[in-house]
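> Coordinates for the following, if possible.
(3 chains)
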Amino acid sequence: MNASTAALLAGLVLLFPLAGSALCGLLGPVLGRRFVNLAGTLSIGAAFAVTLVIFVQVLGAASGHQSTTATLWNWLNLGPGNLNVSVDVTIDQLSVLMLLVITGVGLLIHVYSVGYMEHDPGVARFFSYMNLFIFSMALLVLAANMIILIIGWAAVALSSYLLIGFWYERESAVLAARKAFITQVIGDVALVIAAILIFVNLRAVPACPSNEKCAGLPQALHTLSLPQIFAHAGSLGAGSPLITLICILLAVGAFAKSAQFPLHTWLPDAMEGPTPVSALIHAATMVTAGVYLIARFHVLFALAPIASGMVACVGMGTAVMAGFIALSQVDIKRVIAYSTMSQIGLMIFAVGIGAYAAGMYQFLLHAFFKALLFLAAGNVIHAVHDEQDIREMGGLDSRMRVTAWCFLVGSLALAGFLFAGMFSKENLLGFGMINGPGAPTLYIVGIVVNVLTGLYAFRLYGTTFRGEPRSEAARNAHESKAVMLWPVVILAGLSALAGWILQWPVAFGPHLIDAFLNPVFTSPGGSHIAKAPGLGLGVIGFVIGLTCSLIGIGIALRIWVRHDLDPSHVLARPGFRLLPRLSFNKLYFDEIYDALLVRPTRALARGLRRVGDPVMDSWIKGVSGVATDFSSAFRTIQTGLIRDYASYMVLFVVIFTIAVMLAAGLAK
Amino acid sequence: MNVLLAVILILAAISALGVVFSSKTIYSALSLVLTVALLAAVFLVLNAQFLFVVQLIVYAGAVMVLFVFIIALLDPAAEDRPRIFDLRLILGVLAVAGLCTAVFIAARNDVTYDTSCTTQAVTCMHGYTVGSLAATGDLSADPFHTFGFPENAVDRAGNVQTLANQIFHTYVLPFEITSLLLLVAAVGAVYLTRRVAVEPRRDPQAEERWRDDLVEGSD
Amino acid sequence: MLSQSMFPWILLTAAFLFTLGALGVLIRRNPLVVFMCIELMLNAVNLALVGYSSYLNSEEGQVFAFMVIVVAAAEVVVGLGLLTRVFSIGRELDVDDLDEMKQ
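Next up, the predicted model:
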């Protein structure tokens, strides 16, 4: 499509949620709940409709012309050689895929929220913040200029802060929001430093025919426009320390946003927010922004293999760590949160080894089933009157049939059998067999993750839905109402079918995602995509991975559904005794950070205040004291008597007049 | 003419002394009326007929009347003994002496605008520049006979027309602004002298009855 | 119109009236008289303006004098209104007494 259409459509996608946010925020308290429900949901619906239009356009465009960059307006122009930022948007397969999830899943969650927030007095504020989030996320994925991307990045963090701390009267919520925001600021700083490095070092490499000496040094480009960056990325030096540093900084930003080790501690606490928030932000969209970042910057990462390798290791490491922790958590939302962390770890791993399409496929399917799990969990929490401890649940499958079936579909999708996960996870693990640092080491870790995933997913399902109800609330639970069920059902359908339709992890079968996304990652200079495993290797990998998932599911079913197996005697053995405690305490990360970072900072602040306050106060008081003394001295002129004032006037008029006349006379 | 002028000026100076040094307020007011009238006469001698009339009507006829009325209203017999041995008095006398001397000397030595210019420079007087009436002395060069008035030109065009042309042509903006100023002054005067409204007495029973009426009426 | 010999005397009178008015503002205690002295100053200015206008054969001085008369009239109205109010609330009409602007 041409640039003006792109600009128009992108502008609409950005405008609708922003307008919705303003309307709900400003007019919501005046016009009431029904208006807010309508406005907040319709705005996302409109954005989704526009996204569908864009999608159709991108699908229908000729190959090689599927990517369009358009400028909405020129925002900042500080002159040649200085910063010049235009609000540019890029519409290509990658951004349209992200937009489909953001607006589509976002729409479903907004509809769900109408029911979930039915009794909450702050509903106008809620929809305003949610729409703001959609806008920020859309801005982030559409941005074609790094400054705009960073703006979207920071706005997403802001929306997340507002939404996590939505119930601001709760101290735990406020603390969690603060923790999330501060952790993400670390990522923001890393991104800004990366941007500065790129800005300063990017050079236009002149075309140099091989049989001539290139005259002159390449001149600095001083631009942060993404197409320009990618076109001239070679000037940063392939494999050089500079580009490795830049990619590491970008990766740190991605880790902060996607809750990967070591910046992961904010995600479990972020469950303090309402469940739709967790579904939208902490499952489907915001936490995947890191994956999007690395995928978008694939040109740079391809030139820095050390950084990519680090990314892959961190991703897989986080996946395993999170899976381990999820095994012992008792809050239903926290289990799902750690599951998110683990699955995103797999996505990060995929984009780290260069399997970009595979990583985005996992993102797409994960958005479906993770949002499904969260929304279903929300139904459960509502049904048992805001109890979130799974030890107090049980026996809900007969009382909440639809939700239970959907949760089962979601769990199977997560664990990777029959539905979504089976396709996306095995797809990317297949790439891991022959790509990545020390291949197939990470692949082996990956299949361990499969086992863990199966274990904790079905532990969750079994404990929550099966067995006998373990509390009064669970006994009296009943199904949720339609507006909260339909999104869940739709997501369950998507989770079940999408995998079968879109892409199979073996060499035969449909490969729609690859066909759609691979052109983004292929430049004229060559493809940056990792090598796909061949037919035989792929089938073997798939079988191994699936078997491990089934092992995990099977063990979980035996322990927590059929109660045949009791792991306590295994865990009592000397080497294993530590494991449950480590898992339950999240590997003590919060405590470590508190001791290393928080306490010293607080002590420093206290010390500085003791030393610095008197010094600062004294010289400021000195300055103000001088001024006060001066003014007291001059105040005596103001006697209040008009005659005194008149005397001054007369005196000076006379002096002035005589002086002027003398001067004029002398001049004459 | 010169003698007449000198006499009027001396009389004006004397009545001004009366304004400042009279002990009774009403005497000061009457002295000021006299001064104003004498100045009006001076205007007439100086060929400013319009101002002569305006001075008499507005100043002597309105402003001074207002003064006299207020004095009558407030305190007609007020006496006011100015302190003689006051620093301000000494300052004032010195101011009078000094300024007058300086002005007189300057005037004698022609320290004033350059009267011989024929260009549009800032230090020139407009009267000489436009229409070149004064420059050439040719009356037909100025179709309105209004710019720059040597004696015979004013006799032909009339002082009022000349002034009117300036007021409504060149200086129409200050003119409009002064009309706004008058409006502001009128509003200010009305506001300053209004009577402060008295709070209506609250009759609780009356309010009750009224409210009952309302309720009954809505059956 | 005005001859060279009489012009300085006009200016002298104007200066004399002006400074006399200033003197009056300084030493009189009744605000009404102070007001009248201010009017005297304004008239002095008018005299100077008209004198110049006549001497230099330009009517701009008269236009300015006209404006001055208008402003003086407006000022008198507001000022006397204020003084009336001061009187009506029972304050003394004495400029030494009305020193609310004191810091």
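
> give me every residue that touches residue A:7.
Listed by Cβ atoms under 8 Å, 6 or more residues apart in numbering or on different chains, the contact set of residue A:7 reads A:70, A:71, A:72, A:89. The C-beta positions use only the backbone N, C-alpha and C, and glycine is treated the same way.

> so where does the third one fall, helix or strand?
With the criterion set as DSSP states H and E, the secondary-structure element containing residue A:72 is strand A:68-77.

> how about the residues of chain C near chain A?
C:19, C:22, C:25-27, C:31, C:34, C:95-96, C:98-103 (Cβ under 8 Å from any Cβ of the partner chain).

> ok, and of these, which contact chain B?
Checking the residues of chain C next to chain A against chain B (Cβ under 8 Å from any Cβ), the matches are C:19, C:22, C:26, C:27.

> What confidence value was assigned to the closest residue to the first one other than its chain neighbours?
Nearest residue to residue C:19 in three dimensions, chain neighbours excluded: residue B:96, at 3.8 Å (Cβ to Cβ, 6 or more residues apart in numbering or on different chains). At residue B:96, the predicted lDDT confidence score is 75.

> Residues of the stretch 551-668 of chain A that sit close to chain C?
Counting by Cβ under 8 Å from any Cβ, the residues of the stretch 551-668 of chain A close to chain C are A:635, A:638, A:639, A:640, A:641, A:642, A:643, A:646, A:647, A:650, A:653, A:654.

> Tell me the secondary structure at the spatially closest residue to residue A:382 that is not a sequence neighbour.
Excluding the flanking residues, the one nearest residue A:382 by Cβ to Cβ, 6+ apart is residue A:480, at 6.0 Å. Three-state call for residue A:480 (DSSP: H, G, I helix; E, B strand; the rest coil): coil.

> Residue A:115 is in contact with residue A:480, correct?
Yes: with contact defined as Cβ atoms under 8 Å, residue A:480 and residue A:115 form a contacting pair (7.1 Å).

> Verify the contact between residue A:434 and residue A:533 for me.
Yes: Residue A:434 lies in contact with residue A:533 (Cβ under 8 Å); the separation is 5.7 Å.

> Looking at those two, which one has more neighbours?
residue A:533 (23 against 18; other Cβ atoms under 10 Å in any protein chain shown).

> ok, back up a step: can you list the contacts of residue A:7 in CSV and add neighbour count?
Below are these laid out as CSV (neighbours: other Cβ atoms under 10 Å in any protein chain shown):
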residue, neighbour count
A:70, 23
A:71, 16
A:72, 18
A:89, 27
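
> what's the farthest-apart pair in these?
A:71 and A:89 (7.9 Å; Cβ to Cβ).

> Relative to the whole chain's centre, how far out is the helix or strand containing residue A:97?
Using DSSP H and E, residue A:97 maps to helix A:93-116. How far helix A:93-116 lies from its chain's middle: 14 Å, per Cα atoms, centre = their mean, to the nearest Å.

> If any of the residues of the stretch 551-668 of chain A next to chain C are buried, give me the PyMOL selection for them.
Filtering those down to the buried ones (16 or more other Cβ atoms under 10 Å in any protein chain shown) takes a single PyMOL command:
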select buried, chain A and resi 641+642+643+646+647+650+654
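
> Cross-check the residues of the stretch 551-668 of chain A next to chain C against chain B and keep the overlap.
Near chain B, by the rule Cβ under 8 Å from any Cβ, you find A:643, A:647, A:650, A:654 out of these.

> Go through the host helix or strand of the third one and flag the buried ones.
If I follow you right, that is residue A:650. Using DSSP H and E, residue A:650 sits in helix A:642-667. In terms of neighbour count (16+ other Cβ under 10 Å), helix A:642-667 has its buried residues at A:642, A:643, A:644, A:646, A:647, A:650, A:651, A:654, A:657, A:658, A:661.
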